[in-house]
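K.L.:
The following comprises the amino acid sequence and a computationally predicted model.
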Amino acid sequence: MLPDIYKKSIYDIDYVKLKKEGITCLIFDLDNTLGNVNQMSVPLKTRKLIKNLQKDFLVLIISNNFKTRIKPYLETLGVGGVSFALKPFNFSLIKIKRNYKLSKKEMVIIGDQLITDVLCGKSFNIKTILVDPYGDNDYRITKLNRILENFILNRYEKKGKFKRGVYYG
Ligand SMILES: [Mg+2]
């Protein structure tokens, strides 16, 4: 269940390395990955990053949130995406793989939640990247997920397999 790569934020990921490894499609979670949950506009830093990444990658967003939430992001960034994705189920990844004619080796999922984003990628057998949450706020449903996530991470930490804040990959 642990991610292949763990970084502080989307700005700390080594995208050059990913490209060298054959990744062509970056699939980002939205809330607390690309920006704050309570912010409708896309942070400037994220806008700049995605614009740069689009030169080398197919960039997509998959969010469990509603269409109205994801729409401004898709429009501002000029990327495709799936709303109401029902992560950790991997329907949306199946759809993306088929629609864009990708192989699993080309795809990576990047998100701030172990039990939605990482699990979704793991169950589909693609590379997974966990980042720390962008902001301090979470949706109520996410707060419940965090309790479970903390429980899992605490167990990994006890076993010495993972430590929050100790980034790798
Ligand atoms: Mg998220």
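P.N.:
Structure received. Residues are numbered from 1 along each chain as shown.
K.L.:
Get me the contact residues on this protein for the ion.
P.N.:
For the chain, the residues in contact with the ion (CB under 5 Å from the ion) are 29, 31-32, 112. Using the backbone N, CA and C atoms, a C-beta is placed for each residue, glycine as well.
K.L.:
Give the buried residues for the lowest-mean-pLDDT helix or strand in the chain.
P.N.:
One helix or strand of the chain scores below all others by mean pLDDT, DSSP states H and E: helix 140-158, with a mean of 92. When burial is assessed from 16 or more other CB atoms under 10 Å, helix 140-158 yields the following buried residues: 142, 145-146, 149, 153.
K.L.:
before we move on, what about stretch 101-120?
P.N.:
Buried, per 16+ other CB under 10 Å, within stretch 101-120: 102, 106-120.
K.L.:
That stretch spans what distance, first to last residue?
P.N.:
End-to-end span of stretch 101-120 (CA to CA, to the nearest Å): 19 Å.
K.L.:
So which of the buried residues of stretch 101-120 belong to helices?
P.N.:
119-120 (DSSP state H).
K.L.:
Closest one of the buried residues of stretch 101-120 to residue 23?
P.N.:
residue 108 (5.1 Å; CB to CB).
K.L.:
Roughly how far does that closest one sit from residue 43?
P.N.:
Remark: distance between residue 108 and residue 43 (CB to CB, to the nearest Å) = 21 Å.
K.L.:
go on, residue 105?
P.N.:
Distance from residue 105 to residue 43, by CB to CB: 30 Å.
K.L.:
May I have the residues that are in contact with residue 72?
P.N.:
40-42 (CB atoms under 8 Å, 6 or more residues apart in numbering).
K.L.:
Top of those by number of neighbours, please.
P.N.:
Counting by other CB atoms under 10 Å, residue 42 has the largest number of neighbours within the contacts of residue 72, with 18 neighbours.
K.L.:
what's near enough to touch it?
P.N.:
By CB under 8 Å, 6+ apart, the neighbours of residue 42 are 34-35, 72-73, 76-77.
K.L.:
Lowest pLDDT pick from the contacts of residue 72?
P.N.:
pLDDT across these is lowest for residue 40, at 88.
K.L.:
Can you list the residue ranges for strands in the chain?
P.N.:
5-7, 25-28, 58-62, 80-82, 107-111, 127-131 (DSSP state E).
K.L.:
Just say which of these is most tucked in.
P.N.:
strand 107-111 (a mean of 26; mean count of other CB atoms under 10 Å).
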